[in-house]
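Participant: Task: produce atomic coordinates for the following.
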Amino acid sequence: ILTAGMDRSLRILSVIRDSMNRELSQGSLEKHAKQAKLTTEELKLMPITGLASELCKEGDWDNCLTCHSTSRVVRTWNVQNRAIGKHKLVPPSTARDAVATCVNISNCGNFGFTGYASGRVHMFNMQSGIHRGAFGDPSAHDRSVCGVDVDNVNQRVLTLAVDGCLKIWSFRRRQLLHTMQLEGNVHGFTFHRESCLLAVNMADSSCHIVDIDMRRVVRRFTRHTSRITGMCFSPDARWLVTSSLDKTAIVWDIPASRVIDHFQVKSAITSVALSPTGDFLATTHTDDLGVYLWSNKTLYAPVSLRPLPADYTPQHIDMPVTSVTDAETEDRHAVAAGGDSKARMDDGENGETADDSQWKSPDQLSSELITLSTLPRSRWHNLANLDVIRRRNKPKEPPKKPEAAPFFIPTVAGLEFKYDLSAVQAREDEDSSHVVRFTGLVPTTPFQEALKVGSADGNYQAALDLLTEMGPSAVDTEFRQLDTMAGSPESEQLLGAMFDFFTHLMKSRQCFEIVQAYMSLFLQLHGDAVTKSPSLCSAMESLLQLQRTTWHDLQNTFHQNLSMIGYMKSATV
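Facilitator: Numbering: from 1, shown residues only. Below is the predicted model:
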């Protein structure tokens, strides 16, 4: 974490280990202080008012820019070397009459941008520190510039003045492309380069979301009662976190335009930042020298992201601490043991009810939709090619029997590890007979039993669960056992039940991809037996018609989406 404070220093903090925290060097200050007979603090740079960094080109040249109060000079820093950089970015002599107010670096790490209180915006080369040009003639804005940024591919440069004038410039030609006038004065903005969404901090304590591609305001968030001090996007640009001097922080769901989290702390938040992976939120507070880390709860447990009502009162939350007190430890043990009802009530007041933690998404959102399963691809993708895989993996010579083979307990085929104790239980049965029963030569598997029950009551969920728990080889074996007595009524009944099973799954439109894999394997194994039975051929024709209808609906949906994507790519808005 890069931090800057009123102590005229720039520090890098480690989230993992405190011993890795460092203050970036500003040169031989002690040596120069002795020569000039001054203190070290007097030789330090002025307090930092603007900070920008970029990881790209970090090992090649300076990758950090800072602007300072009452100074027009922008300094470069090398974060990898933990020291101040080689260059001082100063505009040409004709524009040295204002203070630098904002800085930024392009995504490629080659260009740095500086905005000034006079309204001018300049571009510099980060490697050499050479001035590359200015935007506008004679200046980009009439008022002080409070924000400057560039898109992900170095095509457009965004500049914003305190009077709400937003301008979009051509990066290469530095010509004005578009101008937008926002409603009221602004304090700054935050730009998400991947989605081209711009969050503007308005002076009336509201936040406006501007779509740079559409060039219009798409969202207006108004819930803070005091000035907004910090804004940051989530990595996917779905959430926006805002902080205010009213001691609250709000998490906005941008697509839904709703509040999904709202909490209050003891001191006002001055700045916020989300980690690149979205797992931590860093905040700083008034009258406090520390940086506080908040963990994202959605990474550890299911959290309901239901929108909060408009009249929701934010709950006060204690600040993060570096150690846990004995009382808090006892409370946690009591909650884990189920004996602390008060802690449970506190969790309920914070919005974590039992219903939220146990809520489960439905298996099928709508009967018109086609739902895929959650099985990994390795469980169903190669079902039709198991014979080829077996021939390819067949050993060149048979395995040799070891001299002293150990005793192994047989196991049941499947993903769950279970011992096969059927032989032991049969021996322990005192009433067992020694007469051979020919009906027992063809045992009925649990899947076949579930299939028969499903044919009777129309519920095949138990049979589907048994199949999804099996591996590819176990599914192949299970399907081969359906026709062990070829031509018998029992085999024809099981094959007909399989067609009813597939028809039921196709009508429900669930587990679409594994149903296709199971049907392919089933027809590959029992295609000859099906063609010899008129009733099975009729069932297969009905299933084929249902398959064509379902695939036709899915194909139409694909064509509509592809047409819409093609239109959005080529249409001029």
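
Participant: Identify the residues contacting stretch 200-216?
Facilitator: 151, 156, 158, 160, 164, 166, 168, 178, 180, 182-190, 196-199, 217-222, 224-228, 231, 240, 242, 244, 252, 254, 573 (Cβ atoms under 8 Å, 6 or more residues apart in numbering). Glycine gets a C-beta too; all of them are placed from N, C-alpha and C.

Participant: Then stretch 534-549?
Facilitator: With Cβ under 8 Å, 6+ apart as the criterion, stretch 534-549 contacts 492, 495-496, 499-500, 502-503, 506-507, 519, 529-531.

Participant: Centre of the chain to that stretch, how far?
Facilitator: 42 Å (Cα atoms, centre = their mean, to the nearest Å).

Participant: JSON lines for the contacts of stretch 534-549, including neighbour count?
Facilitator: Formatted as JSON lines, those follow (neighbours: other Cβ atoms under 10 Å):
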{"residue": "Glu492", "neighbour count": "19"}
{"residue": "Leu495", "neighbour count": "20"}
{"residue": "Gly496", "neighbour count": "17"}
{"residue": "Phe499", "neighbour count": "19"}
{"residue": "Asp500", "neighbour count": "17"}
{"residue": "Phe502", "neighbour count": "22"}
{"residue": "Thr503", "neighbour count": "16"}
{"residue": "Met506", "neighbour count": "20"}
{"residue": "Lys507", "neighbour count": "12"}
{"residue": "Met519", "neighbour count": "20"}
{"residue": "Ala529", "neighbour count": "16"}
{"residue": "Val530", "neighbour count": "21"}
{"residue": "Thr531", "neighbour count": "11"}
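
Participant: Same list (those) but as JSON lines, adding pLDDT.
Facilitator: Compiled in JSON lines, the contacts of stretch 534-549 are given as follows (pLDDT from 0 to 100):
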{"residue": "Glu492", "pLDDT": "84"}
{"residue": "Leu495", "pLDDT": "87"}
{"residue": "Gly496", "pLDDT": "86"}
{"residue": "Phe499", "pLDDT": "89"}
{"residue": "Asp500", "pLDDT": "89"}
{"residue": "Phe502", "pLDDT": "89"}
{"residue": "Thr503", "pLDDT": "89"}
{"residue": "Met506", "pLDDT": "87"}
{"residue": "Lys507", "pLDDT": "87"}
{"residue": "Met519", "pLDDT": "88"}
{"residue": "Ala529", "pLDDT": "85"}
{"residue": "Val530", "pLDDT": "85"}
{"residue": "Thr531", "pLDDT": "87"}
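
Participant: Among the contacts of stretch 200-216, name the buried ones.
Facilitator: 151, 156, 158, 160, 164, 166, 168, 180, 182, 186-190, 196-199, 217, 219, 221, 224, 228, 231, 240, 242, 244, 252, 254 (16 or more other Cβ atoms under 10 Å).

Participant: shaky segments in the stretch 351-500 of the chain?
Facilitator: 351-361, 401-409, 415, 421-443, 484-487 (pLDDT under 70).

Participant: where along it do the strands fall?
Facilitator: Counting by DSSP state E, counting those that start in this stretch, the stretch 351-500 of the chain has no strands to list.

Participant: ok, now the stretch 201-350 of the chain?
Facilitator: 207-211, 216-221, 228-233, 239-244, 248-253, 258-264, 269-274, 280-285, 291-295, 315-316.

Participant: Of all the ones you listed, which one is nearest Ser69?
Facilitator: Minimum separation from Ser69 across these (Cβ to Cβ) falls at strand 269-274, 15.5 Å.

Participant: how about the helices of the stretch 351-500 of the chain, start to end?
Facilitator: 354-357, 386-392, 422-428, 446-457, 461-469, 472-480, 489-508 (DSSP state H, counting those that start in this stretch).

Participant: how about those helices in CSV, adding distance to Cys102?
Facilitator: Formatted as CSV, these follow (distance: least, Cβ to Cβ, whole Å):
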stretch, distance to Cys102
helix 354-357, 41
helix 386-392, 61
helix 422-428, 76
helix 446-457, 67
helix 461-469, 56
helix 472-480, 59
helix 489-508, 57
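
Participant: any idea of the mean pLDDT in the longest helix along the chain?
Facilitator: Longest helix in the chain, counting residues (DSSP state H): helix 534-570. Helix 534-570 shows a mean pLDDT of 88.

Participant: List the buried residues in it.
Facilitator: 536, 539-540, 543, 547, 550.

Participant: ok, the residue nearest to the spatial centre of the chain - contacts?
Facilitator: Centroid check for the chain by Cα atoms, centre = their mean gives Asp236 as the closest residue, at 6.5 Å. Each residue near Asp236 by Cβ under 8 Å, 6+ apart is listed here: Gly278.

Participant: How about Ala33?
Facilitator: Contacts of Ala33 by Cβ under 8 Å, 6+ apart are 39-40, 42-43.

Participant: Report the buried residues of stretch 280-289.
Facilitator: In stretch 280-289, the ones that count as buried by 16+ other Cβ under 10 Å are 280-285.

Participant: how about those residues in JSON lines, adding distance to Gly136 and pLDDT?
Facilitator: Converted to JSON lines, the buried residues of stretch 280-289 look like this (distance: Cβ to Cβ, whole Å; pLDDT from 0 to 100):
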{"residue": "Phe280", "distance to Gly136": "39", "pLDDT": "91"}
{"residue": "Leu281", "distance to Gly136": "37", "pLDDT": "93"}
{"residue": "Ala282", "distance to Gly136": "35", "pLDDT": "93"}
{"residue": "Thr283", "distance to Gly136": "36", "pLDDT": "94"}
{"residue": "Thr284", "distance to Gly136": "34", "pLDDT": "93"}
{"residue": "His285", "distance to Gly136": "38", "pLDDT": "93"}
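
Participant: and which of the residues you listed is nearest to Arg391?
Facilitator: Phe280 (51.8 Å).

Participant: how near is that closest one to Thr248?
Facilitator: Per Cβ to Cβ, to the nearest Å, Phe280 is found 19 Å from Thr248.

Participant: from the buried residues of stretch 280-289, which is closest to Tyr567?
Facilitator: For those, the nearest to Tyr567 is Leu281 (38.3 Å; Cβ to Cβ).

Participant: Looking at strand pairing, list the partners for the closest one.
Facilitator: Leu274, Trp294 (DSSP bridges).

Participant: contacting residues around it?
Facilitator: Going by Cβ under 8 Å, 6+ apart, the list of residues near Leu281 reads 241, 272-275, 293-296.
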